[in-house]
Structures are given as C-alpha cells and as structure tokens.
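Student: fold the following and give me the result.
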Amino acid sequence: MRLLASDERYFTPEIVEMLWICAIEKYEDITRATLDLIQDLAIIMPLDRLGQFSLKLRSLKESDFDEKMV
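Tutor: Numbers count the residues shown, from 1 in each chain. From the prediction side, this is the model:
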C-alpha cells in the first residue's frame, strides 16, 4: 500500500474515497485499522491526496467526532 500511496498515478481519488468510507464505518475495529493506515500513509502520500483527506476531515461536524476519530 505504501508503494501505491507514494505515486498519485496509482493512488487515485477513488482509493482515497474508499479509504474514507472505511474510516467512517460503524465497526470500531475497521475504523481504527483504517485510520491507522491513513496515518501511516500520510507521510508519503502526494500532497493533493493528503489535501483530499483534509477536506474530508473538515467536512465533518463537531458532533461526528468521537473517541475513534480523535
């Protein structure tokens, strides 16, 4: 996954969207694992893909933040 995330040709906006959907899943284990993965990939992710995640986070309402998201 790290190899894919470092190249924007392969780490498409669709993959960002899929990861985001997994991150807001109802199951705590899936959410935690996905958020950990996003955190690990953030250091090598192209800036525009990182910007997509940033926009997604900013779109959340304050009431949507819970212990898993923090």
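Student: list phi and psi for the nearest residue to C22 once chain neighbours are set aside.
Tutor: Once flanking residues are discounted, C22 sits nearest to T34: 4.1 Å by C-beta to C-beta, 6 or more residues apart in numbering. Every residue, glycine included, has its C-beta placed from N, CA and C. Phi and psi for T34, reported as degrees, to the nearest 10, are phi -70, psi -40.
Student: count the neighbours of T34 for me.
Tutor: 19 (other C-beta atoms under 10 Å).
Student: do the same with R49
Tutor: 20.
Student: cool, L47 as well?
Tutor: 9.
Student: quick one: average confidence on stretch 26-33?
Tutor: Mean per-residue pLDDT for stretch 26-33: 82.
Student: okay, buried residues for it please.
Tutor: T31 (16 or more other C-beta atoms under 10 Å).
Student: for it, output the C-alpha coordinates as CSV.
Tutor: What follows is stretch 26-33, C-alpha atoms only, in CSV (Å, rounded to 0.1, in the frame of the first residue of the first chain):
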residue,chain,number,x,y,z
LYS,A,26,-19.7,1.7,12.1
TYR,A,27,-17.4,-1.1,13.3
GLU,A,28,-14.8,0.2,15.6
ASP,A,29,-12.1,-2.3,14.6
ILE,A,30,-12.4,-1.4,10.9
THR,A,31,-12.4,2.3,11.7
ARG,A,32,-9.3,2.1,13.9
ALA,A,33,-7.4,0.0,11.4
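Student: so how far is that stretch off the chain centroid?
Tutor: Distance of stretch 26-33 from its chain centroid, counting by C-alpha atoms, centre = their mean, to the nearest Å, is 13 Å.
Student: now stretch 11-29
Tutor: 6 Å.
Student: when you give positions from now on, start the count at 588
Tutor: All set: I'll call the first residue 588, so the last point we hit is now stretch 598-616.
Student: quick check: end-to-end length of that stretch?
Tutor: 24 Å (C-alpha to C-alpha, to the nearest Å).
Student: ok, now stretch 591-610?
Tutor: 18 Å.
Student: quick check: mean pLDDT across it?
Tutor: On average, stretch 591-610 scores 87.
Student: now that stretch: buried residues?
Tutor: A592, F598, V603, L606, W607, C609, A610.
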